[in-house]
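A.B. asks: pasting a predicted model and its sequence here:
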Amino acid sequence: AQSVSQHNHHVILSEAASLELGCNYSYGGTVNLFWYVQYPGQHLQLLLKYFSGDPLVKGIKGFEAEFIKSKFSFNLRKPSVQWSDTAEYFCAAGGGGNKLTFGTGTQLKVEL
Amino acid sequence: DAGVIQSPRHEVTEMGQEVTLRCKPISGHDYLFWYRQTMMRGLELLIYFNNNVPIDDSGMPEDRFSAKMPNASFSTLKIQPSEPRDSAVYFCASSWVNTGELFFGEGSRLTVL
């Protein structure tokens, strides 16, 4: 069965700290990977996506993620977080079609 | 672009009442998805459509839930009768064929008392 695991449910950081959120997936065949962000009271928005090619993917707002096939991982990183990055982050995986399986999400709180 | 439009944004109802949630996808998108978000279970896919045809409804929790897409610009998710455990935020999303990128609506927050 397809599944996505996010190991950190709640993360609290100070501004300017570095961020890494873990994501592991279990998927047969070709996999497309995504990170979505949900700011408080808003809908989910795409941060970045990986379909193929360079395993280091850069997204909006300074976020990046690295696809490591051997580890079935797609961790999200940002070198220096800002208070405005406070949000919930979802990793998602899909098998080439449009049906995505989401992880349970990671709540990030950035303190001033 | 208008984005995915959902209504109502908030709904409070009593147990046993019928609830209808509505969604207008982005024009030109041929996939439409209904997700449910709860604290306990995160984001769950309930059902999705391709070209107005239901493709996978295995996530629909019970027969009390039904979804329709009568045309390319409108879909409904109906719960009848509603129960307190149905309280959640219901998201509609749409996408183009094979892009894998979903565009989400603002969600409908349902509270069943």
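C.D. replies: Cool, the structure landed.

A.B. asks: now B:Q17: closest residue in space that isn't a chain neighbour?
C.D. replies: B:S82 (5.5 Å; Cβ to Cβ, 6 or more residues apart in numbering or on different chains). Using the backbone N, CA and C atoms, a C-beta is placed for each residue, glycine as well.

A.B. asks: and if you look at B:S7?
C.D. replies: Using Cβ to Cβ, 6+ apart, the closest residue to B:S7 is B:R22 (4.9 Å).

A.B. asks: how about that neighbour, secondary structure?
C.D. replies: Classification of B:R22 using DSSP: H, G, I helix; E, B strand; the rest coil returns strand.

A.B. asks: compute the number of surrounding residues for it.
C.D. replies: Neighbour count for B:R22, taken as other Cβ atoms under 10 Å in any protein chain shown: 16.

A.B. asks: from B:S75, how far off is it?
C.D. replies: 7 Å (Cβ to Cβ, to the nearest Å).

A.B. asks: do B:W96 as well
C.D. replies: Distance from B:W96 to B:S75, by Cβ to Cβ: 16 Å.

A.B. asks: in terms of neighbours, single out the busier of those two.
C.D. replies: Comparing B:W96 with B:S75 by other Cβ under 10 Å, the one with more neighbours is B:S75, at 25 against 14.

A.B. asks: and chain A, is the one helix or strand that one maps to touching that?
C.D. replies: Using DSSP states H and E, the element containing B:S75 is strand B:74-79. No. Taking Cβ under 8 Å from any Cβ of the partner chain as the criterion, strand B:74-79 and chain A are apart, separated by no less than 14.9 Å.

A.B. asks: alpha carbons of that strand, as PDB, please.
C.D. replies: This file holds the C-alpha atoms of strand B:74-79, laid out as PDB (Å, rounded to 0.1, in the frame of the first residue of the first chain):
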ATOM      1  CA  PHE B  74     -19.400  21.700 -10.200                       C
ATOM      2  CA  SER B  75     -19.200  19.000  -7.600                       C
ATOM      3  CA  THR B  76     -21.000  18.200  -4.400                       C
ATOM      4  CA  LEU B  77     -20.200  16.200  -1.400                       C
ATOM      5  CA  LYS B  78     -23.300  15.200   0.600                       C
ATOM      6  CA  ILE B  79     -23.500  13.700   4.100                       C
END
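
A.B. asks: since that was my last question, I'll sign off now.
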